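1. sequence-free structure coming up:
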């Protein structure tokens, strides 16, 4: 039975009127309350119509610009000369004692040097070599699931599959692989999310992560270089002598990048096809749509809702002047629903012609390094699902991550129906 008081699947909050009841300037769209119940999209639609380059003067994270239209987001994300990723890519500035740099929060050329060190792990040749292992693991897990009994898809499928993949990429001790999931959650969730009780607890757990990976790093330095992420960092010219906090930052980046996108889209795909049953019927009738369906679900879910940049100069965007030093938040989740780019953008349409033009992986030099691996895992998952199950039924509205950054799920009960 569900852990919590049941809420019917059809009772999902659908009334968008809340987004129009207050003046734009009084709504803090970054506040977790909107995201816990997935109610932010109506306000994004209003911003796209009324003020697509919107300056929020108040709120928990201080003032920042909200970009909500596709073209504005793409323009800023691709302009690394005037918009910097340095120090932070989230709305909030990390407390100095918890700050850990990674190449996603660096500008060129240092970003390029460090990214180049680890990029071969997801090169096409390596992905091809991993495909058989991915399929075997997915098939084994799906065959172990109960038919006709309720269970949590997030914990039993999404988390387990992505954690196994992370352990493989790092050559991390398999028996300890669930530490990776925990460290990912701690890295992206503060006390307000319920993941940890205090910032001190987060620091303590991430110190454990650093100590664990430092041991692995030293072991790999003493060995011949091989094709796993820790070995690549240990032997790369741009990464082998990193400061401990920089090493931790890059490890957390690789953990979160390998975890959240795939994990939450695996859950989001099941949820979306239940929410749009005609699309589920369309998929059953034509399994050749799976690759495009994967791209469309990644667009619709947008597992990382935003990235932030900091203006390096005064820049005009959408008729507004963004001043040097201003925070600029690119709401990928909103850009992926922009009607000017995606007709009926709020809806899942698995044969959408331009689904692959989504912003979920970012744009420009910071585009997600593991995008092809995420797509590969999701494609194989649905190929294997389609040979076993006629329907994956979502039993009630899922519980969502309390975060304006990770747009994901913490619990979703389902029931499998065999073919």
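-> Perfect, I can see it now. Fair warning: this is a prediction, and the values are worked out from it, not measured in the lab.
2. C-alpha only now, for contacts and for neighbours.
-> OK.
3. how much space separates residue 146 from residue 153?
-> Taking CA to CA, to the nearest Å as the measure, residue 146 falls 11 Å from residue 153.
4. likewise residue 59?
-> As for residue 59, its distance to residue 153 is 35 Å (criterion: CA to CA).
5. and those two? Which one has more around it.
-> Neighbours around residue 59 and residue 153, counted as other CA atoms under 10 Å, are more numerous at residue 153. The numbers are 24 against 15.
6. I'd assumed residue 336 was in contact with residue 342.
-> Yes - using CA atoms under 8 Å, residue 342 is in contact with residue 336, at 7.2 Å.
7. what about those two, which has more around it?
-> Looking at residue 342 and residue 336 with other CA under 10 Å, you find the greater number of neighbours at residue 336, namely 27 against 20.
8. return the backbone torsion pair for that one.
-> phi -70, psi -10 (degrees, to the nearest 10).
9. any idea of the pLDDT on it?
-> Reading off the confidence values, residue 336 has pLDDT 98.
10. for residue 298, same thing?
-> Here the pLDDT value assigned to residue 298 is 96.
11. repeat that for residue 120.
-> 57.
12. how about the strands in this structure?
-> With DSSP state E applied, the chain shows strands at 53-56, 64-67, 83-84, 151-152, 306-311, 315-317, 320-322, 327-331, 389-394, 399-400, 409-411, 413-418, listed in chain order.
13. so what are the sheet partners of the second one and their directions?
-> Spelled out, that is strand 64-67. Using DSSP bridges, the strands paired with strand 64-67 are strand 53-56 (antiparallel), strand 327-331 (parallel).
14. and the contacts of the shortest one?
-> What that stands for is strand 53-56. By CA atoms under 8 Å, 6 or more residues apart in numbering, the surrounding residues in contact with strand 53-56 are 25, 28, 47, 63-68, 317-318, 320.
15. just name the most buried of the strands paired with strand 64-67.
-> Scoring the strands paired with strand 64-67 by mean neighbour count under mean count of other CA atoms under 10 Å gives strand 327-331 as the most buried, with a mean of 26.
16. so what angle separates the directions of that strand and strand 306-311?
-> When axes from the mean of the first three to the mean of the last three CA atoms, to 10 degrees is applied, the directions of strand 327-331 and strand 306-311 differ by 150 degrees.
17. tell me the spacing between residue 149 and residue 418.
-> Counting by CA to CA, the separation of residue 149 from residue 418 is 11 Å.
18. again, but for residue 295
-> In this structure, residue 295 lies at 26 Å from residue 418, with CA to CA as the measure.
19. what does residue 354 give?
-> Applying CA to CA, one obtains 32 Å for the distance of residue 354 from residue 418.
20. with residue 410 instead?
-> Applying CA to CA to residue 410 and residue 418 gives a distance of 25 Å.
21. check residue 126 too.
-> Here the criterion is CA to CA. By it, residue 126 lies 34 Å from residue 418.
22. for the stretch 201-350 of the chain, which spans come out with low pLDDT?
-> Confidence mapping of the stretch 201-350 of the chain against pLDDT under 70 gives zero matching residues.
23. for the contacts of strand 53-56, which one is nearest residue 250?
-> Closest approach to residue 250 among the contacts of strand 53-56 (CA to CA): residue 64, at 25.9 Å.
24. that closest one pairs with what?
-> Here residue 64 sits in beta bridges with residue 56, going by DSSP bridges.
25. give the contact list for it.
-> Residues touching residue 64, when contacts are defined by CA under 8 Å, 6+ apart, comprise 55-57, 91, 326-329.
26. what is the burial count for the closest residue to residue 266 other than its chain neighbours?
-> Across the structure, with CA to CA, 6 or more residues apart in numbering as the measure, the residue nearest residue 266 apart from its sequence neighbours is residue 158 (5.7 Å). Residue crowding around residue 158 was assessed by other CA under 10 Å; the count is 21.
27. where's residue 158 relative to residue 299, distance?
-> Per CA to CA, residue 158 is found 18 Å from residue 299.
28. any idea which of the strands paired with strand 64-67 gets closest to residue 185?
-> When the strands paired with strand 64-67 are ranked by distance to residue 185, counting by CA to CA, first place goes to strand 327-331 at 20.9 Å.
29. centre of the chain to the closest one, how far?
-> Per CA atoms, centre = their mean, to the nearest Å, the displacement of strand 327-331 from the mean C-alpha position of its chain is 16 Å.
30. contacts for that strand next, please.
-> Where contact means CA under 8 Å, 6+ apart, the residues beyond strand 327-331 that reach it are 63-68, 73, 77, 90-91, 305-311.
31. of those residues, buried ones?
-> For the contacts of strand 327-331, a neighbour count by 16 or more other CA atoms under 10 Å gives the buried set as 64-68, 73, 77, 90-91, 305-311.
32. now for those residues, which pair is the farthest apart?
-> Spatially, the most separated pair among those is 305 and 311, at 19.9 Å (CA to CA).
33. remind me what the top helix by length along the chain packs against, helices and strands.
-> With secondary structure taken from DSSP state H, the chain has its longest helix at helix 244-275. With contacts defined as 3 or more CA pairs under 8 Å, 6 or more residues apart in numbering; DSSP states H and E, the secondary structure elements packing on helix 244-275 are helix 160-170, helix 178-188, helix 199-221, helix 277-285, helix 290-301, helix 371-386, strand 389-394, strand 409-411.
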